[in-house]
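> Here's a sequence, model it:
(one chain, ligands or ions: 2)
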Amino acid sequence: MTQQLSERVLNMATSATLAMAAKARELRAEGKDIIGLSLGEPDFNTPDFIKDAAKEAIDQNYNSYSPVDGYADLKQAIINKFKRDNQLTYTPSQIVVSTGAKQSLANVALAVINPGDEVILPAPYWVSYSDIVKIAEGVPVEVQTSIENDFKMTAEQLEAAITPKTKMIWYSSPCNPSGSVYSKAELEALAAVLRKHPNIIIVSDEIYEHINFGEGHTSIASIDGMYDRTVTVNGVSKAFAMTGWRIGYIGAPEWIARACNKMQGQITSGANCIAQRATITALEAPVSKIKYMIDKFHERRDLVLNLLGEIKGFQLNVPEGAFYVFPNISDFFGKTIKGKTIENASDFSLLLLEEANVATVTGEAFGNPNCIRISYAASEAELKEAIKRIKEVLS
Ligand code: PMP
Ligand code: GLU
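Ligands and ions are numbered 1, 2, ... in the order given. I've put the predicted structure just below:
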């Protein structure tokens, strides 16, 4: 029969991070020795104390649907976590647990965006933001930041991007893909602009909160006047090495949380019950229990910055968090390497895949066509080998 797909799906981009990971898997299956630095996924195992909690939950017969927005004791653990780490006070009706932070973001978009509403995305932004906004029939408005400003949006840039149609601003700090962390002072400056526009909703994606090598983390909801209009998004995928468990959550104004709950009640009925039980244990643990992973990421960041810094043509910021570097590689545009002409970041990323057997992601997917993203959530040996291969191909 004739294929009759919706305009919605036809107009949607495939997630570039997931597509590159699939491509790397395919090439590996063909016998190629691919080093995968494309997917943002910790290479650690989920800590044993969390796995034990999940095993216990199975034995305790947690097998039924949970409340749509999450178990009451998990919501309490999230409330305690927000208080402990972010000085934010929420009530249970402000918390919604979802199938990954990705679903949390999709819930928010579908719950508040009307067709034509503008959503400001400081670029580079995480790959799925623009398509989630578009699925909700919103209009992504990119604000280009520069490497000189550590890929952060200034208050002036925010002010200039606001129009009568601006509904929301979305950002992540620590940022995927740039690793940039907004300081408290920088967030205060953005908040000063937003105070003049009381109806703009903020989506603050804090999923890399704990993977921070700098001065610490500030939640914008803790800044004067921001709490009542901020959706704070977080999850356990990154800091607890639980990507496949699929648990994310929000703390939000009650009217938004209620709408997300309603949305999720029609789409997923709520998150996996065993993973929710395990998440209670994860969130109740002191952060010191996961520090060994954060220390490793810090070491690897330094290693990758040193090694990539030796390659001429790689311009780098110093990421303070997450586990990515986002080098500007536009020096290579117009050059021919191994018989291939490099016109853009996608060509460059493809060159690295085909000639160096190293998978990265083009910056185009993150709204910056001059960069590529390299994930350093990989072993030191893999990182060294990958960068050696990249260097060989480029020299
Ligand atoms: N936000 C950012 C910035 C991310 O990098 C990711 C990575 N997957 C997510 C949200 C979604 O995380 P998850 O759905 O695994 O909780
Ligand atoms: N957030 C990770 C990344 O950016 C996982 C992949 C995804 O969910 O898109 O690579």
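> which residues touch whichever residue of the chain sits closest to ligand 2?
At 3.0 Å from ligand 2, residue 40 is the closest residue in the chain, using C-beta to the nearest ligand atom. Every C-beta, even on glycine, is put in place using the N, C-alpha and C of the backbone. By C-beta atoms under 8 Å, 6 or more residues apart in numbering, the residues touching residue 40 are 17, 176, 238, 322-324, 375, 377.
> Show me the residues you listed that map onto strands.
324, 375 (DSSP state E).
> The contacts of residue 40 also near ligand 2: which ones?
17, 176 (C-beta under 6 Å from any ligand atom).
> between the contacts of residue 40, which has the most around it?
Greatest neighbour count in the contacts of residue 40, by other C-beta atoms under 10 Å, goes to residue 322: 31 neighbours.
> Do I have it right that it meets residue 173?
No. Contact criterion C-beta atoms under 8 Å: residue 322 and residue 173 do not qualify, at 9.2 Å.
> Touching both of the two, which residues are there?
With contacts taken as C-beta under 8 Å, 6+ apart, residue 322 and residue 173 have residue 208 as neighbours in common.
> the strands in the stretch 51-200 of the chain, which residues?
Listed in chain order, the strands of the stretch 51-200 of the chain (DSSP state E, counting those that start in this stretch) span 95-98, 118-123, 139-144, 166-172.
> And the stretch 251-395 of the chain, by the same measure?
Assigned by DSSP E, counting those that start in this stretch, the strands in the stretch 251-395 of the chain fall at 324-325, 336-337, 340-341, 358-359, 361-362, 372-375.
> residues contacting the residue in the chain positioned nearest to ligand 1?
In the chain, the residue that lies nearest ligand 1 is residue 100 (2.6 Å; C-beta to the nearest ligand atom). By C-beta under 8 Å, 6+ apart, the residues touching residue 100 are 235, 237, 246-248.
> Let's see that with 6 Å instead.
For residue 100, the contact set (C-beta atoms under 6 Å, 6 or more residues apart in numbering) comprises 246, 248.
> cool, residue 111 as well?
Contact analysis of residue 111 by C-beta under 6 Å, 6+ apart lists 259-260, 263.
> Ok, residue 24 next?
Residues near residue 24 by C-beta under 6 Å, 6+ apart: 34, 36, 359.
> Could you do residue 274 as well?
So residue 274 contacts 54, 57-58, 62 (C-beta under 6 Å, 6+ apart).
> one more time with 10 Å
By C-beta atoms under 10 Å, 6 or more residues apart in numbering, the contact set of residue 274 is 53-58, 60, 62-63, 66, 245.
> and those as JSON lines, adding distance to residue 181, pLDDT and neighbour count?
Formatted as JSON lines, the contacts of residue 274 follow (distance: C-beta to C-beta, whole Å; pLDDT from 0 to 100; neighbours: other C-beta atoms under 10 Å):
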{"residue": "53", "distance to residue 181": "30", "pLDDT": "98", "neighbour count": "18"}
{"residue": "54", "distance to residue 181": "31", "pLDDT": "98", "neighbour count": "22"}
{"residue": "55", "distance to residue 181": "36", "pLDDT": "98", "neighbour count": "12"}
{"residue": "56", "distance to residue 181": "36", "pLDDT": "98", "neighbour count": "14"}
{"residue": "57", "distance to residue 181": "34", "pLDDT": "98", "neighbour count": "19"}
{"residue": "58", "distance to residue 181": "38", "pLDDT": "98", "neighbour count": "12"}
{"residue": "60", "distance to residue 181": "39", "pLDDT": "98", "neighbour count": "10"}
{"residue": "62", "distance to residue 181": "36", "pLDDT": "97", "neighbour count": "16"}
{"residue": "63", "distance to residue 181": "40", "pLDDT": "96", "neighbour count": "9"}
{"residue": "66", "distance to residue 181": "33", "pLDDT": "97", "neighbour count": "19"}
{"residue": "245", "distance to residue 181": "25", "pLDDT": "98", "neighbour count": "23"}
